[in-house]
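S.K.: Based on what follows, work out the 3D shape:
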Amino acid sequence: MADPRRSGPLVYSIAAHRGFADALVAGLVPRYREPGFGLARLTLLVPSSRAARILSEAFIRHAGENGEGGLLMPRMIAVGDLDLDEKLGAALDPLGAADIPPASDPVARWLTLDRLIAEERAAEGMEPLPGRARLNLAREMARTMDRLLVEEKAPEDLWSEPVLDQLGGLAVHWQHAIRLFARVNARWQAELAERGQIDAPTRRNWLFDRAARRWKDTPPPHPVVAAGVTSASPALARLLRVIAGMPEGAVVLPDLDLAMDDAAWDELGRAGASDTPDGPVFGAEDALTHPQYHLKLLLNRMGVNRAEVQPWHRRGISAAEPARSRAISSLFLPPQASRTWAKLDAADRRLTGVRLMSSATIEEEAQAIALLVRAALEQSEKRIAVVTADRGLARRVVQHCERWNIAADDSAGRPLTLTPAGRLLGLLADIAAHGPDPANLVAAFGHPLVRAWDNDARRAWLSGLRAFDRELRGPSPAPGMEPLRKAADEAKVSDWWAEAEALITPLVGWPAQIALADALTRLAAVAEDFARTAVWEREDGRALGTMIEELRGQAQAMGTLVEAADIAGVLRDAMDEVAVRPGYGGHPRVAIYGLLEARMARADLVICGGLNEGSWPQPPGADALLAPAILRALGVPGAEFRIGLAAHDLAGAMGAPEVVLSRSLRDAEGPTLPSRFLLRAMALLGNDLDKEHRETAIPALLPHLDRQRPAADEYPRPAPDPAPNLRDVVIRVTALDRLLGDPYQFYAQAILDLRRLDPLATDPFSDPALRGTLVHDILDQWHKAKAADPGLALAPFATAHFAAARVHPLFRALWQPRLIAVLERFEQWIAEDAAEGRTLVASEIDGEMIFDGVKVKGRADRIDRLADGSLAIVDYKTGRVPSKAEVAAGYALQLGLLGLIAQEGGFASEGVPAGAASEFEYWSFGKKDGEFGKREKPMKVGRATSGLLPEEFLPHHSDKLAEAIRRFIKGTDPFKARENPDYKGYTDFDQLMRLEEWLVRLTGPEEGA
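M.R.: Numbering: from 1, shown residues only. Below you'll find the model as predicted:
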C-alpha cells in the first residue's frame, strides 16, 4: 500500500528492546495483510536463510498469539550472507540473467591461485613454499580478493596514487606481499576473462545493480521490504536505497541508535563519507569498533541521513522495557561522549533484567549456563537462547544439557574436522603423511565408525585391537610395517593384524609428491574399507563427501600436486572451512547460536557466554597481504570493523527481557581478560552491580550439583596386611631394595601383580630401559659371537645390531654414537682385564637360590672369573649409578644379592660353578675425564672414604635379605607406603597409594604413631 504523503526514502529502525523479528512481524501483518491473500504479495529481503527461518517462526508465533489457524506468509529472499557462504535468492539471481557471466567455482579459484603463487614466486627467484603453506596463502589471497571485490575495488586500484603514496613507508615484507598479491590478482583476472567467468562477489554486485536498475525503472506492483540487512557493501547499499525510495518499498534496520546525539554520531568518524570530493572515506581515527559504525557506513552509502530514519513503533512478543534501549545506547557511547556517564540519569543507565555471572573455569561456565537453561525451562513457553562466539563453550553446554535430556543443538555447527567422519579421514591422512605411527593407528582402528555395521564384528575387531594396543605401549617402534607385524605376533593377534594391515596398505609408501586428486581417491577408498557407507551417512558424512568430490574434481582438472607429508595438514585446513550444522529436531524452546546465527533471533532469556577478550570480541585478524594503511588508501574498512559487528550483536542480544552476561576467569589456555564490552557494562552499572545485577543463585547451586560432596574422611597412609599365603612370593634381586624402602611398591608389583601401562609412542630418548636393553643385547651377542671369532671388534658389531634392531631413526641418530663410544670403552676394559687374567664366564645369566625358605632370583649382566679364582659381578648402568651410601642404607642391593646367589651355586644350571664373589662393579655410561664410560665399585676400596668394606659387603646384603623375609614374607609387618622417605626408588604406584592425599600429613605426628 503506497503512502501518497511520503517523500524521500522510507527507512525504519527497530530498537533493541522491541525484539527485531517479532516486532517486525507485528508491524508487517496489519500493514500488508490482504483479505484472501494474507501476506503472499509481500516480498521480504532478508540477510540469510537463517534469518528467513527466524522470521518464519516469528510469523507462526504471531498467528498463534492471535488465535489464527493459519497465515499465508510473504515471499522471503536471502541476499546471501558471504560469511555463511550463502547464495542469493532466486528473485535476485534468476535463471534469465544471461547477461551476467557465471561465477567461478571457489575451489577452482583456490587451486588456480595456488598454481599462480608458485609460478610468481619462482619467477621472482623466491624459495618454493611447501604445499600446505602455499595452499593456505592461496586461501588467504582469495579472502582478500573477495574483500576488495565486495568493496568494488579493481586490481588496478592497487597501483592508484593513494596506494603508491603509502607503499614507500611500509616494511619490506608488506611491499613484497602487496606486489605478489597484485601480480597474482592480475593474472587471475586475465584467466577469468579467458574462461568467460567472473568472481562470485563481482557477480553478486552485478546482480544487485541489475535488480536496482530494474526496480528503479519499473517498481514492482507489490510491496518489497528489506528487513535486517546491515551489510554495507556499496552495491547492496545502492539496492537498499532503491527499495527505500520505491512507492511500495521500505528498509527496516536493526538497532540503529536514534537517541545518540549528533556530537556522538559525528565522533564515529567519516564512515564512508569523505570531507572533500576526492578525499579519503575512512580515517585513522574512525571508531570502527563501535556497534553503530557499520550502520552509519550503510546509511552514508545509501545516501540517507540518520534524521530521515523513523522509529518502528510495534513491539514484539518478547519485548523488554524502553529503558533497556536507552541504557544500551549509553553503554556503547564513543569515548568522548562517554564522559556524560557521570551525569547520566538513573533511567539512562538502568539495566533491569540484566545479570552478570562469573565462573572459575570454562567448564564451570558451561555447566552454569546449562543449569540456567534447565531452570528456565521450568516456566512454560519460555524460550531460551545461548549466544556465544566460543564454539568450544557451545559444545560443552550441549553436553551438559544432555544430562537432563535437553537436546540443544549448536546451530553454528562444528568444523568438519571435529565430526566422526572428519576425524576418521584425518587419522587416515595422518597415516599416509607420517607413516603407521602407533598412536594414529590405534586411534584409526578404534574409531567408532569402524566395523559399526555389525556389533559382533566390531566386538571381535576391538578385542584384537586391545591386545595389539597393549603390545605397542612404550617407545615408538621403528618406521615400517615389519615392527608392527612383530608386535602383532607377540600379542598373538597375527590374523587380526593381517586384516588390519590390508586396510592400511594403500596408505603406505606414497611418493614424496602426489596428485591431490589421487590422494583423495585413495583416502576415500580406505575410509570406505574401514567403515563402509557409514562414513558418508549423517550430516558430517554428507558434508565430507561433498567436500571430497568438489576438491577431487577441481584438483584433477588443475593437476594440483602436494607433498605427501603435507596431505594431513592440507585436508584438515580444508575441513576446518566446512561447518557441519545439525539437522532439526532439538528442543523447541532452546537454541544455541553463534554470533552470525543469532542476528535477528530473540528469546525470553538470552545467555551471552564467553564474554572474554579473544572470544567476544574475537581478535581482529589482520590482513596478511594488505597493510592497514593500504586498506584505508583503497577505501576499505580495516580489520577492527568486525569488532564493531560483534558489539552490535551484543547490543541486539541485550535487548531481551532477561539477559545473563557470562564469562570464565580461566579457559583451556590460562587466565582470561574480561571482554571490553563487559567492562563497559560493569562501569555503567557502578555501585548497582553487586546489589541488583550479579547472578548468585546458579553459582551457589552449582557446587552442590556434582562438584562439592560431603568432606570424605582423611585417607590413611596405606599399609596393606595380606594373608600369609599371599605373602609367600619370589623376591627378585631388583626388588629387595623396594621391599625395604617402600614396601607398598613391592606389594603392588609382586603380590597384586600390577604393572605400569606405558602410553603409546613414549619418548624413546628419555627411556633408560630402552638404552639398557640395546646395550645388554649387543654385549651379550658380541660375547657369544667372539667365542667363534676372537678378533671381532665391538663397534662394527654394535652398528650392525642397531640396524638390525630397527630402532626409531631419531633415537638411533642421537644415541648410537654415544652408545658405541661407551661400548668401545668397555671393549678396552675387557682387553685390559684379559691381560691380567680376568676372563668372561657368562653374560645375561639367570640364577636363583633358596634363602630362609624363600626363593630369590635374578639376572646377572656379566660374571667374570678373576685370576685368583674368585668371581666378579658386573652390572651395566645406562641410567643413574647408586651411591655407596645408598648401598649401605639398603636401597641398592642388586649386586650383593647376585653375589650371594653365585656363592650358593645359583648359576650352576647355566654353567657357572659355585664360587665366592670378591669384586662388584658398575659399568656406566657417564663421563669421566672427558670420555664416556665409568667403572665404579660400591665398596670402600682404594681411595674411597665411604661405603662398605669388602669383607662387610656380602654379610650386609645377607642381613638385609633376612630382615625383609622375617618382616614381610614370613612375618606380619604391613606393607606400608613410603616407609622410608629417603628411598629414591620407583614411583609407578604412587597414584594407587593416593600419595598426594596423605603425604602432606607426614610432616606432623601420625595418629597412633
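S.K.: helices or strands up against the longest helix along the chain?
M.R.: In the chain, with assignment by DSSP state H, the single longest helix is helix 809-835. Counting by 3 or more C-beta pairs under 8 Å, 6 or more residues apart in numbering; DSSP states H and E, the packing neighbours recorded for helix 809-835 are helix 768-788, helix 794-805, strand 917-928, strand 931-936. The C-beta positions use only the backbone N, C-alpha and C, and glycine is treated the same way.
S.K.: So which of these is the most surrounded?
M.R.: strand 917-928 (a mean of 19; mean count of other C-beta atoms under 10 Å).
S.K.: just the angle between it and helix 809-835, please?
M.R.: In terms of direction (axes from the mean of the first three to the mean of the last three C-alpha atoms, to 10 degrees), strand 917-928 departs from helix 809-835 by 130 degrees.
S.K.: give me every residue that touches Ile117.
M.R.: Leu129, Arg134, Leu137, Ala138, Met141, Leu180, Val184 (C-beta atoms under 8 Å, 6 or more residues apart in numbering).
S.K.: Now do it against Leu135, distance only.
M.R.: 9 Å (C-beta to C-beta, to the nearest Å).
S.K.: same question, Val398
M.R.: Distance from Val398 to Leu135, by C-beta to C-beta: 32 Å.
S.K.: now the residue located most distally from the centre of the chain, nearest residue through space, not along the chain?
M.R.: No residue in the chain sits farther from the centre than Asp868, which is 67.1 Å out by C-alpha atoms, centre = their mean. Excluding its sequence neighbours, the residue lying closest to Asp868 (C-beta to C-beta, 6 or more residues apart in numbering) is Ser918, at 7.6 Å.
S.K.: thinking the one you found is in contact with Ser870, fair?
M.R.: Yes - the criterion here is C-beta atoms under 8 Å, and Ser918 meets it with Ser870 at 4.0 Å.
S.K.: Following the chain onward from whichever strand or helix holds Ser329, which element is next?
M.R.: Assigned by DSSP states H and E, Ser329 belongs to helix 322-331. Counting by DSSP H and E, the next helix or strand C-terminal to helix 322-331 is helix 346-349.
S.K.: Dump the one helix or strand in the chain whose mean pLDDT sits lowest to CSV, keeping only the CA atoms.
M.R.: When each helix and strand of the chain is scored by mean pLDDT, DSSP states H and E, helix 346-349 comes last, with a mean of 70. This file holds the C-alpha atoms of helix 346-349, laid out as CSV (Å, rounded to 0.1, in the frame of the first residue of the first chain):
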residue,chain,number,x,y,z
ALA,A,346,19.3,6.6,36.6
ALA,A,347,16.7,5.9,33.8
ASP,A,348,19.5,6.0,31.1
ARG,A,349,21.7,3.5,32.9
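S.K.: helix/strand/coil for Asp875?
M.R.: Secondary structure for Asp875, judged by DSSP: H, G, I helix; E, B strand; the rest coil, is strand.
S.K.: contacting residues around Leu840?
M.R.: His783, Ile830, Arg862, Ile863, Asp864, Arg865.
S.K.: And for Asp737?
M.R.: Counting by C-beta under 8 Å, 6+ apart, Asp737 has contacts Gly890, Tyr891, Ala892, Leu893, Gln894, Tyr983, Gly985.
S.K.: any idea of the pLDDT on it?
M.R.: Asp737 carries a pLDDT value of 90.
S.K.: cool, Leu596 as well?
M.R.: Confidence score, pLDDT, at Leu596: 82.
S.K.: again, but for Arg755
M.R.: pLDDT at Arg755 comes out at 88.
S.K.: how about low-confidence regions in this structure?
M.R.: 1-7, 81-91, 93-97, 347, 584-585, 622, 707-709, 763-770, 805-808, 1003-1009 (pLDDT under 70).
S.K.: Met600 contacts Ala23, doesn't it?
M.R.: No - using C-beta under 8 Å as the test, Met600 is too far from Ala23 to be in contact (10.6 Å).
S.K.: sorry, back to before: need the max-distance pair from the contacts of Asp737.
M.R.: Farthest-apart pair in those is Gln894 and Tyr983; separation 14.4 Å (C-beta to C-beta).
S.K.: Have a look at these two and say which one is more surrounded.
M.R.: Gln894 (25 against 18; other C-beta atoms under 10 Å).
S.K.: Tell me the gap between the helix holding Ser329 and the middle of its chain.
M.R.: 38 Å (C-alpha atoms, centre = their mean, to the nearest Å).
S.K.: buried ones in the host helix or strand of Arg466?
M.R.: Take DSSP H and E as the rule and Arg466 turns out to sit in helix 455-472. Neighbour-count burial for helix 455-472, counted by 16 or more other C-beta atoms under 10 Å, picks out Arg458, Trp461, Gly464, Leu465, Ala467, Phe468, Asp469, Glu471, Leu472.
S.K.: can you put the residues you listed in CSV and add distance to Ala232?
M.R.: Shown next, in CSV, are the buried residues of helix 455-472 (distance: C-beta to C-beta, whole Å):
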residue, distance to Ala232
Arg458, 54
Trp461, 56
Gly464, 60
Leu465, 55
Ala467, 62
Phe468, 58
Asp469, 56
Glu471, 62
Leu472, 57
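S.K.: nearest to Tyr593, of those residues?
M.R.: Of the buried residues of helix 455-472, the one sitting nearest to Tyr593 (C-beta to C-beta) turns out to be Arg458, at 36.3 Å.
S.K.: roughly how far apart are that closest one and Leu484?
M.R.: 21 Å.
S.K.: got it, and Glu549?
M.R.: Distance from Glu549 to Leu484, by C-beta to C-beta: 33 Å.
S.K.: Show me which of the two is the more surrounded one.
M.R.: Neighbours per residue (other C-beta under 10 Å) separate Glu549 from Leu484, with Leu484 holding more: 22 against 12.
S.K.: I'd assumed Ala498 was in contact with that one.
M.R.: No - with contacts counted by C-beta under 8 Å, Leu484 stays clear of Ala498, the gap being 11.4 Å.
S.K.: how far does the longest helix of the chain sit from the chain's center?
M.R.: On C-alpha atoms, centre = their mean, the centre of helix 809-835 falls 44 Å from that of its chain.
S.K.: For Asn205, list the residues it contacts.
M.R.: Leu149, Val150, Glu152, Ser233, Pro234, Ala235.
S.K.: separation between the last one and Arg210?
M.R.: When C-beta to C-beta is the yardstick, Ala235 and Arg210 sit 10 Å from each other.
S.K.: what does the second one give?
M.R.: Here the criterion is C-beta to C-beta. By it, Val150 lies 17 Å from Arg210.
S.K.: repeat for the first one
M.R.: Computed with C-beta to C-beta, the distance linking Leu149 and Arg210 is 16 Å.
S.K.: and what of the fourth one?
M.R.: Spatial separation of Ser233 from Arg210 under the definition C-beta to C-beta is 15 Å.
S.K.: Could you do the third one as well?
M.R.: The gap separating Glu152 from Arg210 is 15 Å, by C-beta to C-beta.
S.K.: in the stretch 51-200 of the chain, which spans are strands?
M.R.: 75-78 (DSSP state E, counting those that start in this stretch).
S.K.: Please, where are all the helices along it?
M.R.: 106-123, 131-150, 161-167, 172-195, 200-217 (DSSP state H, counting those that start in this stretch).
S.K.: To Thr361, which of those lies closest?
M.R.: Of these, nearest to Thr361 by C-beta to C-beta is helix 131-150, at 32.3 Å.
S.K.: what's next to that closest one, contact-wise?
M.R.: 82, 106, 109-111, 113-114, 117-118, 129, 157, 181, 184-185, 188, 199-202, 204-205, 233, 561-563, 566, 569-570, 573, 577, 623-626, 634, 636.
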